[in-house]
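**Student:** coords please:
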Amino acid sequence: MQKREKRIWSCLGRVLSWDVPLVMGILNVTPDSFYAKSRKGGLSLSGLVAAAGAMCRGGAAIVDIGGESTRPGATPVSPQEEIRRVVPAVEALVGQLPEVCVSVDTRHVEVARAAVAAGAAIINDVRGCDPEPGMWELVAESGAGYVMMHARGTPETMDGLTGYKDVVGEVEAALREATERLVALGAARGQIAWDPGLGFAKTHVDSWKLLGATARFAASGQPVLIGASRKRFLGGECPEARGPASVGVAIWAAAQGAAAVRVHDVPETAQAMRAFLSARDAYA
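**Tutor:** As a prediction, this is how the structure comes out:
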């Protein structure tokens, strides 16, 4: 069997190996995320811990807590409201599930700072290539893992900001440039993961092209996170109809070198991932 080089992602004192692709489970403490079954804002803290614990038992290495919907057309949430939703959840998970790596899904530096102080090890920033002032400084100072996602505009405007000539080349160039700028501020390259931002200021065709280029992004050496779960470009009339496609593209992305997949369906994806890895390694 061919020996594979050990690959790691440095996340505020945690070292996550992505020799085996990581599953990031989505825990939305919101009332309006695009997939209704992911909305956990009405749960108590004990309920959120139970939901996160089920994800961990199902195969999640990371739980990503989001307090603001960033679906196209979503209504913005103030940082103060987002902190009210997110920070108690981060504290509860860190205190009661020490084995889990907690991520905060936010575009606001104020929220990210509060979540990191509460114990979050990863900042998942949908504005990663063009962040709020101070976000990159926080990443450099804290040592938190950083998901640098490519997007244009805001949730209210992004559907009108597609218009790429070469979507793969332009997204890759933006991620490379942003990475160099962040490293120049003092962040370690090993903290930074790339997310091409499927569905964020992308047409359906754009999203398929970016997903198809997963191996190209992975060749950068940066960990690549793919977030395709239940998104519109997968087809189907509604998010509830996109489960099989979501699992399928997650496994395909892993086969192309993705370090992590961000998913709603943790046990189904993790089971499929184990089958894929068994097949991959059985005759390597």
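
**Student:** Show me where the stretch 1-150 of the chain has its helices.
**Tutor:** Counting by DSSP state H, counting those that start in this stretch, the segments of the stretch 1-150 of the chain that form helices are 45-58, 79-96, 109-118, 135-142.

**Student:** Deepest-packed of those helices, please.
**Tutor:** Ranked by mean neighbour count, the helices of the stretch 1-150 of the chain are led by helix 109-118 with a mean of 22 (mean count of other C-beta atoms under 10 Å). All C-beta spots, glycine's among them, are computed from the backbone N, C-alpha and C.

**Student:** Give the residue spans of the chain that score low on pLDDT.
**Tutor:** Using pLDDT under 70 as the threshold, the predicted model of the chain has low-confidence ranges 1-5, 32, 35-36, 39-42, 284.

**Student:** what about the longest strand in it?
**Tutor:** In terms of residue count, the longest strand belonging to the chain (DSSP state E) is strand 22-28.

**Student:** hmm, back to that, select, out of the helices of the stretch 1-150 of the chain, the one closest to residue 29.
**Tutor:** Comparing the helices of the stretch 1-150 of the chain by their distance to residue 29 (C-beta to C-beta), the top pick is helix 79-96, with 4.6 Å.

**Student:** Show me what the closest one is packed against.
**Tutor:** helix 45-58, strand 62-66, strand 101-105, helix 109-118 (3 or more C-beta pairs under 8 Å, 6 or more residues apart in numbering; DSSP states H and E).

**Student:** So which of the helices of the stretch 1-150 of the chain is nearest residue 263?
**Tutor:** Residue 263 sits nearest to helix 45-58 of all the helices of the stretch 1-150 of the chain, at 9.5 Å, using C-beta to C-beta.

**Student:** Enumerate every residue touching residue 107.
**Tutor:** Neighbouring residues of residue 107 by C-beta atoms under 8 Å, 6 or more residues apart in numbering: 68, 70, 125, 126, 127, 131, 132.

**Student:** can you rerun that using 10 Å?
**Tutor:** Under the criterion of C-beta atoms under 10 Å, 6 or more residues apart in numbering, the contact list for residue 107 reads 68, 70, 76, 79, 82, 123-128, 130-132, 135, 149, 151, 154-155.

**Student:** Nearest residue to it in space, please, no chain neighbours.
**Tutor:** Closest residue to residue 107 in three dimensions, ignoring its sequence neighbours and counting by C-beta to C-beta, 6 or more residues apart in numbering: residue 127, at 4.4 Å.

**Student:** Same check on residue 179?
**Tutor:** In space, residue 179 comes closest to residue 192 once its chain neighbours are excluded; the distance is 5.6 Å by C-beta to C-beta, 6+ apart.

**Student:** before we move on, back to that, out of the helices and strands packed on helix 79-96, which is closest to residue 277?
**Tutor:** Distances from residue 277 to each of the helices and strands packed on helix 79-96 were compared by C-beta to C-beta, and the smallest falls on helix 45-58, at 15.9 Å.

**Student:** Good, we can wrap up now.
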